[in-house]
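Enquirer: With the sequence up front, the predicted model follows.
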Amino acid sequence: MNMENIYLAIPLAPLFGAIVAGLFGWKIGRAASHWVTILGVAVAFALSMLVFKHIVIDGAETYNKTVYVWMISQGIQFEIGFLIDKLTTVMLVVVTFVSLMVHIYTIGYMKEDPGYQRFFSYIALFTFSMLMLVMSNNFLQLFFGWEAVGLVSYLLIGFWFKRETAIYANLKAFLVNRVGDFGFLLGIAAIVYFTGSLDYMTVFGQADTIASQNIEIFAGVPWSAMTVVCILLFIGAMGKSAQVPLHVWLPDSMEGPTPISALIHAATMVTAGIFMVARMSPLFELSATALSVVITIGAITALFMGLLGLVQHDIKRVVAYSTLSQLGYMTVALGASAYSAAIFHLMTHAFFKALLFLGAGSVIIAMHHVQDMREMGGLKKYMPITYWTSLIGSLALIGFPGFSGFFSKDAIIEAVAHSDIAGSGFAYAAVLGGVFITALYSFRMFFLVFHGQERMDEHTREHLHETPAVVTVPLILLAIPSAIVGWYTIGPMLFGDYFGASIFVLPEHNALAAVGESWHGPAGMVTHGVMQPPFVLAMLGVFTAWFLYMKRPDIAESIKNKSGLLYTMLVEKYGFDRFNEIVFAGGARGLGNLFWRNGDVRLIDGLIVNGSAKTVGWISGIIRNVQSGYLYHYAFAMILGLLGLLSWVIYSS
């Protein structure tokens, strides 16, 4: 098969499944709907593996061509095109594999839901949107995929549309992302202004020209044009990849069904921002200020969002705050110019985060959709497959030596330690502290769910059992890369020339090169890792979780009661939601009411609409008096009119 046809088939296969299930699902039935979408994603995954072989193993040249030109306006080409390089191939394999696992898992999780066909249509459309985003070779197609994943996430978060909380959550996600997307769109507009093109390679070729120019946002205060462009693009990434302060939508996305939580948090949507910044490395490398902003925002997110996971009782929300924290780690890596480490962690995180979400979903199914960890406990003996796969996911998350998360997280920490970017010192302290916090909330969840006293009601206990194979098989398949993928990929991806020209790093920013000087293979990294602070902090976190929640839960309760303001601050999520509700939402409502009262009610209704009607009525009332119905009144009026006309003719002549 021609490779161009393969590239085209990868996004179109899930799109075909989405259209069939969405438009004809009511007619073809539930089974046909899930099979057509699963087949579409399976084809995309198989072709992605073929592309991986072609580009990575066989060493084929990068493919960068236009599929078709949509429009030409004032010399600017708006087109659809594909850029298939080694960075793209990583994203293709990750997105399609995780999506395929989620599709299969959904058969078991959503089997009793009345919106079964609609859900499969949405998740297949989600996959198509993300594939279009990562395969793009221009900013138009990037923006299309960017907005498409935002739209489908809105549909999926609010999938159970009869729940008020779900409608609130999807609206919140949509509005917060509009803030980020506004910045992103301004960034693209600035790129077109300075380069006159939307094509990646054309823009990257003129990066030095952009960097040499200034722009005045405020009169008399020149800014580097490249800094402005990169910060605007990063604002878009802050929305999609849920960085502080545009993170508030992600925890509430748990209102959607668990499979979509796994898809959003692992392979689509939130990874879009990380991928975009890595793709734009030729631009970001020319602005140290933008890199400082990126690394600082990432560090704040990694540390402070992890702390919120300590006070959550909903099993899915713990995993959600874990995603926020891990996205912070990826963003820190981007700010340290360790773009390949960010993509590497994106890949490993996709596997173990999907595993943890689907494991949480397996628990929720067994618990008859109870999500409160305070009503669980002792599930190990009832759900052995879910237990062991969740343990693998938890160990990968905390960076236990040998698991995939260890290689990617430790590489980021080491890279930040060698970085000279302003803010890297704070970032190093934040990501190091985040290791302890991650281990503490991860194993707090693990112990409360699978160990200790059984706290569920008697009816639930009597019906507890392992979930069916359609649920557990995806868990096993995700557990395998979560455990071993780091061993085979860290060498070429971080310390080899895997990414080649896909990622650009200035020599003075190349922190990973300094890390690579002491690189002696994955086994050497494991041996070295057990003697480093991250391992000690992770083990301390696990021990603290065991001691506080298994051995002495009374101490945990005492700490909670005595922490006062600190605990309240964490429960209130640092007040971001309250601030947004009062200032932004409340302010918008207040402004709307002001315009409604003074504009709509008083000006439009009162003066223009009702006022004009009253004026016409008043005039009509006066004129009505002339219509008396008497013939001599009309004759008299005619005589007066005739006299007036004659007088005007005589006077004017």
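Expert: Cool, got the structure.

Enquirer: From the structure, what's the count of residues near residue 516?
Expert: Using other CB atoms under 10 Å, the number of residues around residue 516 comes to 17. Placement of C-beta: from N, CA and C, glycine included.

Enquirer: contacting residues for it?
Expert: 494-495 (CB atoms under 8 Å, 6 or more residues apart in numbering).

Enquirer: How confident was the prediction at it?
Expert: Here, the pLDDT recorded for residue 516 equals 84.

Enquirer: next one: the one 4 residues further on
Expert: Model confidence at residue 520, expressed as pLDDT, equals 85.

Enquirer: mind checking how far it is from residue 495?
Expert: Distance, residue 520 to residue 495, using CB to CB, to the nearest Å: 10 Å.

Enquirer: neighbour-wise, which of these two wins?
Expert: More crowded of residue 520 and residue 495, by other CB under 10 Å: residue 495, with 17 against 9.

Enquirer: Name the nearest residue to that one, sequence neighbours excluded.
Expert: residue 516 (4.2 Å; CB to CB, 6 or more residues apart in numbering).

Enquirer: Could I get the phi/psi values of the one you found?
Expert: Torsion angles at residue 516 (phi, psi; degrees, to the nearest 10) stand at phi -70, psi -20.

Enquirer: With residue 76 instead?
Expert: phi -100, psi 130.

Enquirer: my guess is it meets residue 193, correct?
Expert: No - using CB atoms under 8 Å, residue 76 is not in contact with residue 193; the gap is 10.7 Å.

Enquirer: More neighbours: which of these two?
Expert: residue 76 (15 against 12).

Enquirer: Mind checking the pLDDT average for stretch 448-456?
Expert: 89.

Enquirer: Quote the end-to-end distance of that stretch.
Expert: One end of stretch 448-456 sits 12 Å from the other (CA to CA, to the nearest Å).

Enquirer: Can you name the residues in contact with it?
Expert: With contacts defined as CB under 8 Å, 6+ apart, stretch 448-456 is touched by 315, 363, 367, 370, 373-380, 383, 387, 390, 461, 464, 549-550.

Enquirer: Okay, and which of these map to helices?
Expert: Among the contacts of stretch 448-456, the members falling in helices (DSSP state H) are 315, 363, 387, 390, 461.

Enquirer: what's the spacing between residue 24 and residue 538?
Expert: Separation of residue 24 from residue 538 (CB to CB) stands at 50 Å.

Enquirer: Neighbour count for those two, which is higher?
Expert: The residue with more neighbours, out of residue 24 and residue 538, is residue 538; 26 against 15, by other CB under 10 Å.

Enquirer: Name the helix or strand for that one, please.
Expert: Counting by DSSP states H and E, the element that carries residue 538 is helix 533-546.

Enquirer: Might you calculate how far that helix sits from the centre of the chain?
Expert: Relative to its parent chain, helix 533-546 has a centroid offset of 29 Å by CA atoms, centre = their mean, to the nearest Å.

Enquirer: Not counting the next helix-or-strand element following it itself, show me its contacts.
Expert: Using DSSP H and E, the helix or strand that follows helix 533-546 in sequence is helix 553-563. Under the criterion CB under 8 Å, 6+ apart, residues 547-549, 567 lie in contact with helix 553-563.

Enquirer: Buried ones among those?
Expert: The neighbour-count test (16 or more other CB atoms under 10 Å) applied to those identifies 548-549 as buried.

Enquirer: Look at stretch 395-413 and report the distance between its end residues.
Expert: End-to-end distance of stretch 395-413 (CA to CA): 17 Å.

Enquirer: Distance from the chain centre to that stretch, please.
Expert: Computed by CA atoms, centre = their mean, the chain-centroid distance of stretch 395-413 equals 22 Å.

Enquirer: same check, this time on stretch 262-277
Expert: Worked out by CA atoms, centre = their mean, stretch 262-277 lies 5 Å from the chain centre.

Enquirer: do stretch 113-129 as well
Expert: 18 Å.

Enquirer: Now residue 449: closest residue in space, sequence neighbours ignored.
Expert: That would be residue 376: by CB to CB, 6+ apart, it lies 4.9 Å from residue 449.

Enquirer: Ok, residue 321 next?
Expert: Closest to residue 321 by CB to CB, 6+ apart is residue 309, at 3.8 Å.

Enquirer: Then residue 538?
Expert: Of all residues not flanking residue 538 in the chain, residue 439 sits nearest, at 4.4 Å (CB to CB, 6+ apart).

Enquirer: Next, the buried residues of the host helix or strand of that neighbour.
Expert: Element membership for residue 439, per DSSP H and E: helix 424-450. Buried residues in helix 424-450, counted by 16+ other CB under 10 Å: 424, 426-428, 430-450.

Enquirer: quick one, that helix and helix 533-546 angle?
Expert: 30 degrees (axes from the mean of the first three to the mean of the last three CA atoms, to 10 degrees).
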